[in-house]
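>>> Here is my input, please return the structure:
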Amino acid sequence: MFWVLLLLLAWAFAGTACTRLCLAAVRAAAADAPATPADRDHELTLYEAAFLSGGPARVADVTLVSMARQRRLLLAHTGWATVVDPRGRDEMERSVIGAIGPGGQSRIAPVRARAAGAEAVRRLADGLVRAGLAVPEGAGTSVGAAVRRVRAATAAVAALGGTALLLPVQAGTPRLLVALWFALPLILALSCLAIARFEVHPYARWASPAGQRLLSALPGRPGGDERSFLTSVAVRGIRAVGEPELRAAFAHRDRPGRE
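Numbers count the residues shown, from 1 in each chain. Okay, here's the model as predicted:
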């Protein structure tokens, strides 16, 4: 009767994983505020589009690129940022200037990290969460993690069932009956995955479904004006930058270097 112990273990894996997925989906649905008419008519700012597409780091990148294009910040191809105009035009720019420091020069990597963690970015994130456009911290990742647990439980149940069928069973216990008992937790796990596939919102890392809809309405390709270019950078990241010198500056951002 050792197969019964394996069956109990299979039920424990499947039941725990499915319960966690249901709880994560309920929490995420409760946090996802329904879109109001004001939300549907909301026009994303450049910083909002950047946050919903790539989080705090993308906001810092867009700010750096914007200031560099206006010649108020010099981003050298060696990976250094130098302040040209110390007067920030908004709180994001002031955060970047503050991250560079009083010396007016710093490597891009620490500037990017400090600017991404600035209070201005946190206020931006809080506002987007309140508007139902951004995913509350941990909501999207918890749903994804719960789905991965159910997948792992499905594999574990299948492995336990296979092991049970390979073990000698008590006389009079047909192996078909053992397989049917293990099929029950397997069906439970597969059913949860199927329901999650069609019913659970495909949460992105940062944008809620309402936020994703607003992002999809933004221009997909850079146009001829500066606004279109920066919007493309906000949505696609640094890979949307065409200038070789500017791209080279960001290519150095994660490389260790001497201050």
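>>> is it true that Leu5 lies in a strand?
No: using DSSP: H, G, I helix; E, B strand; the rest coil, the assignment for Leu5 is helix, not a strand.
>>> what's around it, how many residues?
For Leu5, the count of nearby residues is 11 (other Cβ atoms under 10 Å). Just so you know, the C-beta spots here come from the backbone N, C-alpha and C atoms, and that holds for glycine as well.
>>> Then the one 5 residues further on?
Per other Cβ under 10 Å, the neighbour tally for Ala10 reads 26.
>>> That one and Thr19: what is the separation?
15 Å (Cβ to Cβ, to the nearest Å).
>>> what about the helices in the protein?
2-31, 37-40, 46-69, 91-100, 108-116, 119-130, 139-166, 175-199, 209-216, 226-236, 244-251 (DSSP state H).
>>> out of those, nearest to Gly79?
Gly79 lies closest to helix 108-116 among those, at 5.3 Å (Cβ to Cβ).
>>> Going by neighbour count, list what's buried in the closest one.
Ile108, Ala109, Val111, Arg112, Arg114, Ala115, Ala116 (16 or more other Cβ atoms under 10 Å).
>>> before we move on, what about stretch 80-93?
Trp80, Ala81, Val83, Gly88, Glu91, Met92, Glu93.
>>> min pLDDT across these, which one?
Lowest in pLDDT among the buried residues of stretch 80-93 is Gly88, which has 89.
>>> Name the nearest residue to that residue, sequence neighbours excluded.
Arg94 (3.5 Å; Cβ to Cβ, 6 or more residues apart in numbering).
>>> quick one: pLDDT of that neighbour?
95.
>>> Output the buried residues of helix 108-116 as CSV; include the columns pLDDT and distance to Leu73.
Shown next, in CSV, are the buried residues of helix 108-116 (pLDDT from 0 to 100; distance: Cβ to Cβ, whole Å):
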residue, pLDDT, distance to Leu73
Ile108, 92, 10
Ala109, 90, 15
Val111, 93, 10
Arg112, 91, 12
Arg114, 94, 15
Ala115, 94, 12
Ala116, 93, 16
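>>> Among those residues, give me the pair with the biggest separation.
Applying Cβ to Cβ across those, the maximum distance is between Ile108 and Ala116, 12.0 Å.
>>> The residue nearest to Gly88 and Arg175: what is the separation?
Taken as Cβ to Cβ, the span from Arg94 to Arg175 is 72 Å.
>>> Which of the two has more residues huddled nearby?
Neighbour tally, Arg94 and Arg175, criterion other Cβ under 10 Å: the higher count belongs to Arg94, 17 against 13.
>>> ok so, going back, next, find the distance separating the residue nearest to Gly88 from Gly103.
Distance, Arg94 to Gly103, using Cβ to Cβ: 16 Å.
>>> What is the least confident helix or strand in the protein?
Every helix and strand of the chain was ranked by mean pLDDT, DSSP states H and E. The lowest is helix 37-40, at a mean of 51.
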